[in-house]
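Asks: Pasting the sequence and the predicted model now:
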Amino acid sequence: MSITHLKRGKPEADRAEDDAKVRGVVEATLRDIETRGDAAVRALSAKFDKYQPASFLLTASEIEAAMQKVSAREMDDIRFAQKQIRSFAEAQRASMTDIEVETMPGVILGHRNIPVQSVGCYVPGGKFPMVASAHMSVLTATVAGVPRIAASAPPVKGAPHPAIVAAMHLGGAHEIYVLGGMQAVGAMALGTETIRPVDMLVGPGNAFVAEAKRQLYGRVGIDLFAGPTETMVIADETVDAEMCATDLLGQAEHGYNSPAVLVTNSRKLAEATLAEVDRLLKILPTAETAGVSWRDYGEVILCDTYDEMLGVANDIASEHVQVMTDRDDWFLEHMHSYGALFLGPRTNVANGDKVIGTNHTLPTKKAGRYTGGLWVGKFLKTHSYQKITTDEAAALIGAYGSRLCLLEGFVGHAEQCNLRVRRYGGRNVEYGTAAE
Ligand SMILES: NC(=O)c1ccc[n+]([C@@H]2O[C@H](COP(=O)([O-])OP(=O)(O)OC[C@H]3O[C@@H](n4cnc5c(N)ncnc54)[C@H](O)[C@@H]3O)[C@@H](O)[C@H]2O)c1
Ligand SMILES: [Zn+2]
């Protein structure tokens, strides 16, 4: 039994240092937005995106003009993707039911799923205009019934990106901002003179965006920690090196800091994949970013057994896990920490990113240990309620309640219960002595 690294990425200490730098920058920036509002937001947009429009909010005619620039084919493709995402989100919504049960005679308990009242959806667009992120957050919020949906994406080459605007508009956004990075999530969460604050921030982004959301959590809700893309391929000899290398580099191209990890029980496949990655990096047009990610965050881990592969995969808790083995369903059954699973060689992470219908906003940096990805349920708050419909139940629960309050020394609480016992049980309870 052994687990061997045929390739490692940057040491943990260097990764932690990168994170610390980002934390510092974000802290200072959010403080600035909170103090100076629009002036700070404008300055950041000028500095990072060279963009200073009269207003960051698009008017109806600007939205119309952007949509005119999208070709019929592209519009059709966007509609196809949104149809798949809406179908799955609606099925998931249907799985969440409001309940009301009578747990004892006269005791009625229930819960209701209520949409968050306003959300800010961030759609990334620094390196690539991530049109699909608009479906994932805006459309899903619409299916959940969120009454105010603000959406923001950075300008691309100094202007709103037409296909992103189209996807936001078709997805049901009520306000569309052309604003990127920390300034967008900061402004939507904290509010400025011109942007009304939202109740919750959702959507992926680069390290600065993800960290800003993390720091704003508490002030507003957030969906999850969805930072730079991570991918893992779990493979045995049922697949070849070309498929493994393609799937690793396909996601490594997101940026300079996207971990891509191969976990396998085949030394032959591991070595062939290393060679295939080198070959593909010579011809992939985005090799400039994918190559840096692979150098700094690429890993190849060789295990002896499937159990070891499973252990390594659960421990890393990667955002995307592509499984191509002779026992894919065994991994489905036993994986407990990940963002999303892609089972078998016929599908792949890019399908999930763009079109198949599952949500692509997924947990990174091991957040898969405590949460799944964005879904319609993240936009719904489950609130409980209770009522007692008979005098007998009021007296019975009141009597137990009173004693349990006094057990903790809560005299005022006990009196809340005792009052009910006196009123509805017809018994004159001596202070704090309610008996059944
Ligand atoms: N976890 C997920 O679910 C998921 C899904 C999709 C994408 N992603 C990730 O989203 C990220 C998108 O990143 P991106 O950078 O292309 O787009 P982005 O929209 O997140 O960030 C771009 C913005 O960053 C700001 N910026 C530029 N330089 C900066 C600097 N030096 N310091 C601070 N801010 C700066 C600019 O305002 C720019 O508009 C990628 O890392 C990708 O992997 C994650
Ligand atoms: Zn991707």
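Replies: Ah, there it is. Numbers count the residues shown, from 1 in each chain. Ligands and ions are numbered 1, 2, ... in the order given.

Asks: show me where pLDDT drops low in the protein?
Replies: 430-436 (pLDDT under 70).

Asks: What residues does it have near ligand 1?
Replies: Contacts of the chain with ligand 1, taken as Cβ under 6 Å from any ligand atom, map to 48-49, 124-127, 130, 133, 154, 180-182, 204-206, 208-209, 226-229, 254-255, 258, 319, 360-362, 364. The C-beta positions use only the backbone N, C-alpha and C, and glycine is treated the same way.

Asks: Which segments of this structure make up each domain?
Replies: Following the TED database, one finds the domains of the chain at 17-223+377-382, 228-342, 390-435.

Asks: Counting only helices, which of the residues of the chain next to ligand 1 make the cut?
Replies: Phe48, Asp49, Ser133, Gly181, Met182, Phe208, Val209 (DSSP state H).

Asks: Reformat these as CSV; add neighbour count.
Replies: Shown next, in CSV, are these (neighbours: other Cβ atoms under 10 Å):
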residue, neighbour count
Phe48, 15
Asp49, 20
Ser133, 30
Gly181, 24
Met182, 27
Phe208, 21
Val209, 27
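
Asks: quick one: contacts of the longest helix seen in the chain?
Replies: As assigned by DSSP H, the longest helix anywhere in the chain is helix 12-36. Residues outside helix 12-36 that contact it (Cβ atoms under 8 Å, 6 or more residues apart in numbering): 40-41, 44, 182-183, 186-187, 190, 192, 207-208, 211-212, 215-216, 257.

Asks: Of all pairs in these, which one spans the longest distance?
Replies: Within the contacts of helix 12-36, Thr192 and Asn257 form the most distant pair, 29.7 Å apart (Cβ to Cβ).

Asks: my read: Met200 touches Asp223, true?
Replies: Yes. Contact criterion Cβ atoms under 8 Å: Met200 and Asp223 qualify, at 7.3 Å.

Asks: Isn't Leu248 up against Val277?
Replies: Yes. Checked against Cβ under 8 Å, the pair Leu248 and Val277 is within contact range at 6.4 Å.

Asks: Going by distance to ligand 1, which of the contacts of helix 12-36 wins?
Replies: For the contacts of helix 12-36, the closest approach to ligand 1 (Cβ to the nearest ligand atom) belongs to Phe208, at 4.3 Å.

Asks: for the helix or strand Gly291 falls within, which positions count as buried?
Replies: Secondary structure assignment for Gly291, by DSSP states H and E: helix 287-297. Across helix 287-297, burial judged by 16 or more other Cβ atoms under 10 Å covers Ala287, Thr289, Ala290, Gly291, Val292, Ser293, Trp294, Asp296, Tyr297.

Asks: so who does the residue of the chain found nearest ligand 1 touch?
Replies: Nearest residue of the chain to ligand 1: Gly180, at 2.2 Å (Cβ to the nearest ligand atom). Gly180 is in contact with Ser45, Phe48, Asp49, Gly125, Gly126, Ser152, Ala153, Pro154, Pro155, counting by Cβ under 8 Å, 6+ apart.

Asks: Of these, keep whichever come out buried.
Replies: Ser45, Asp49, Gly125, Gly126, Ser152, Ala153, Pro154, Pro155.

Asks: Now, those residues that are in strands?
Replies: Using DSSP state E, the subset of the buried ones among the contacts of Gly180 located in strands is Ser152, Ala153.

Asks: now the buried ones among the contacts of Gly180 in TSV, with distance to Leu404?
Replies: Compiled in TSV, the buried ones among the contacts of Gly180 are given as follows (distance: Cβ to Cβ, whole Å):
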residue	distance to Leu404
Ser45	56
Asp49	58
Gly125	55
Gly126	55
Ser152	49
Ala153	52
Pro154	55
Pro155	59
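
Asks: how many other residues sit next to Glu408?
Replies: Per other Cβ atoms under 10 Å, the neighbour tally for Glu408 reads 8.

Asks: any idea how far it lies from Ile222?
Replies: Distance, Glu408 to Ile222, using Cβ to Cβ, to the nearest Å: 34 Å.

Asks: again, but for Glu90
Replies: With distances taken as Cβ to Cβ, Glu90 is found 24 Å from Ile222.

Asks: how would you label the residue lying closest to His360 once chain neighbours are set aside: helix, strand or coil?
Replies: Spatial nearest neighbour of His360, excluding adjacent residues (Cβ to Cβ, 6 or more residues apart in numbering): Asp353 at 4.8 Å. Secondary structure, DSSP: H, G, I helix; E, B strand; the rest coil: Asp353 is helix.

Asks: From Asp247, how far off is Asp353?
Replies: 12 Å.

Asks: So which of the two has more stuff around it?
Replies: The neighbour comparison of Asp353 against Asp247 (other Cβ under 10 Å) goes to Asp247, with 26 against 20.

Asks: That one touches Val233, doesn't it?
Replies: Yes. Contact criterion Cβ under 8 Å: Asp247 and Val233 qualify, at 5.1 Å.

Asks: where do the contact lists of those two overlap?
Replies: Gln322.
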